[in-house]
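[1] Sharing a model that was predicted from the sequence below.
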Amino acid sequence: MAAALPRLPFADGTFALTLGSYLLFAHPDRFGPDDQLSALLELVPVTDPAGEVRVHPLHDGEGRHCRHLDGLRAALGRHGVAGEITVRRAAGQDRRVLRLRSVRRRQGAAGPSGACT
C-alpha cells in the first residue's frame with residue numbers, strides 16, 4: 001500500500017512495531033525539523049499503545065548527527081510521546097535508534113501485561 005508521511009492511511013493501533021529507516025534524518029534537505037516532528041507524531045498513533053516506534057539512522061547521508069534531536073524529543077514530550085535514544089553496537093559501529101512510545105494510554109486500552117489502564 002502506498003503511503004506518505006505525515007499522513008498515513010492506517011487506523012490507530014494498527015502496528016505493534018513501527019519502523020522508520022533512512023528517511024527523516026537522512027534527508028534534512030527534504031525533511032526539516034517541523035516535517036520531522038509531524039512525521040514522528042503520525043507514526044505514534046498507528047502503533048499500538050503497548051508497542052513502539054523505532055527510527056534510525058539519526059544522522060544525514062554525510063554521517064552528521066541531527067543537531068536538533070533534543071529539541072525534537074522535547075516537542076514530542078509536549079505531545080505525550082516519550083522519546084528515548086538507545087545505542088547498539090553492530091558491525092563495529094554504534095548505531096543510535098530513536099524509540100518512541102505514547103505516554104497517554106487510551107481509556108480501557110490493554111497494557112503490556114494485558115491489564116487495562
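    Happy to help now that I have it.

[2] Just the strands from this structure, written as ranges.
    15-21, 47-56, 81-90, 93-102 (DSSP state E).

[3] Restricting to C-alpha, output the second one in PDB.
    Output for strand 47-56, consisting of C-alpha atoms alone and laid out as PDB, is shown next (Å, rounded to 0.1, in the frame of the first residue of the first chain):
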ATOM      1  CA  THR A  47       1.400   2.000  16.600                       C
ATOM      2  CA  ASP A  48      -0.400   0.000  19.300                       C
ATOM      3  CA  PRO A  49      -0.200   1.800  22.700                       C
ATOM      4  CA  ALA A  50       1.700  -1.200  24.100                       C
ATOM      5  CA  GLY A  51       4.100  -1.100  21.100                       C
ATOM      6  CA  GLU A  52       6.800   1.300  20.000                       C
ATOM      7  CA  VAL A  53       8.200   3.200  17.000                       C
ATOM      8  CA  ARG A  54      11.900   2.900  16.100                       C
ATOM      9  CA  VAL A  55      13.600   5.400  13.800                       C
ATOM     10  CA  HIS A  56      17.100   5.200  12.500                       C
END
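
[4] how about TSV for the strands of the chain, with mean neighbour count and mean pLDDT added?
    Every residue, glycine included, has its C-beta placed from N, CA and C. Below are the strands of the chain laid out as TSV (neighbours: other CB atoms under 10 Å; pLDDT from 0 to 100):
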stretch	mean neighbour count	mean pLDDT
strand 15-21	14	92
strand 47-56	20	94
strand 81-90	12	92
strand 93-102	16	92
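
[5] Switch the ones you listed over to JSON lines; also include distance to Pro28.
    Shown next, in JSON lines, are these (distance: least, CB to CB, whole Å):
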{"stretch": "strand 15-21", "distance to Pro28": "15"}
{"stretch": "strand 47-56", "distance to Pro28": "14"}
{"stretch": "strand 81-90", "distance to Pro28": "18"}
{"stretch": "strand 93-102", "distance to Pro28": "15"}
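
[6] how about these, which one is nearest Ala4?
    Ala4 lies closest to strand 15-21 among the strands of the chain, at 12.4 Å (CB to CB).
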